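Undergrad: Okay, predicted coordinates and the sequence, questions at the end:
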Amino acid sequence: MKKLTILASALLLTTIFSGCASSSSPTTPQEVRESVGSGMFSTKKDSFVVNRPYYKVASLLQRNSKKCLNKSFKHTSTTHNGYYMQTSTDQMYYKTKFKRGRTLSTLEVKGDSDSLQSGMTSAIYGEAFKDGYFIAIVDLHKKGNKTQVDIYRGSMLMGVQEDIVNAIKNWAKTGSRSCPNIAP
């Protein structure tokens with residue numbers, strides 16, 4: 001069930017950030033921010049301030065995202081289509097990119113799969129998802145001895161994607177170093 005949820009979440013996020021394929025899909029963190037800011041369907045911005053210094057929050061998110069979220073695994077799912085069942089195996093990828101500055105740092109979290117990069121999905125979206133789809137953009141802002149955290153994401157995240165966003169919130173708020181279980 002978790003495997004099917006992963007694929008469904010990927011397709012849902014693809015649809016959300018693509019504007020149901022009627023407009024161009026965000027391909028940069030700024031385009032994701034603008035999509036969420038404009039009220040695009042099923043997107044959300046979580047904002048909170050943590051009582052922890054910026055450099056500590058940024059260091060922890062950089063270290064934990066690299067250690068915990070850069071994962072690759074195979075999953076198998078079965079689709080029921082009337083009287084037929086089709087089983088497929090796919091390679092899933094989660095990857096991060098962290099850009100650190102003196103007063104602003106950005107964490108990009110992306111998901112990808114072999115099936116997303118081939119076949120019908122690639123034909124429909126072209127270059128938009130060449131490097132995967134955004135799960136979340138996390139901005140950390142230095143605010144004196146505190147840190148402002150802004151997370152731009154889909155509002156209907158499920159399964160692994162929801163676990164990833166919750167882990168990021170937990171890392172920022174508590175300083176925890178525990179990794180979410182993102183492999184099925």
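TA: Now that the structure is in, tell me what you want to look at.
Undergrad: Just the helices from this protein, written as ranges.
TA: Per DSSP state H, the chain carries helices over the ranges 2-18, 29-37, 54-64, 119-125, 159-174.
Undergrad: Report the backbone C-alpha coordinates of the second one in PDB.
TA: Translated: helix 29-37. What follows is helix 29-37, C-alpha atoms only, in PDB (Å, rounded to 0.1, in the frame of the first residue of the first chain):
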ATOM      1  CA  PRO A  29      12.500  27.200  -6.500                       C
ATOM      2  CA  GLN A  30      11.300  30.800  -7.300                       C
ATOM      3  CA  GLU A  31       8.600  29.500  -9.600                       C
ATOM      4  CA  VAL A  32       7.400  27.100  -6.800                       C
ATOM      5  CA  ARG A  33       7.300  30.100  -4.400                       C
ATOM      6  CA  GLU A  34       5.300  32.100  -6.900                       C
ATOM      7  CA  SER A  35       2.900  29.300  -7.600                       C
ATOM      8  CA  VAL A  36       2.200  28.900  -3.900                       C
ATOM      9  CA  GLY A  37       2.000  32.700  -3.400                       C
END
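Undergrad: Can you check which strand is longest in the protein?
TA: Counting by DSSP state E, the longest strand found in the chain is strand 84-100.
Undergrad: who does it pair up with?
TA: With DSSP bridges as the test, strand 84-100 is paired with strand 71-81 (antiparallel), strand 104-113 (antiparallel).
Undergrad: Alright, I will stop here.
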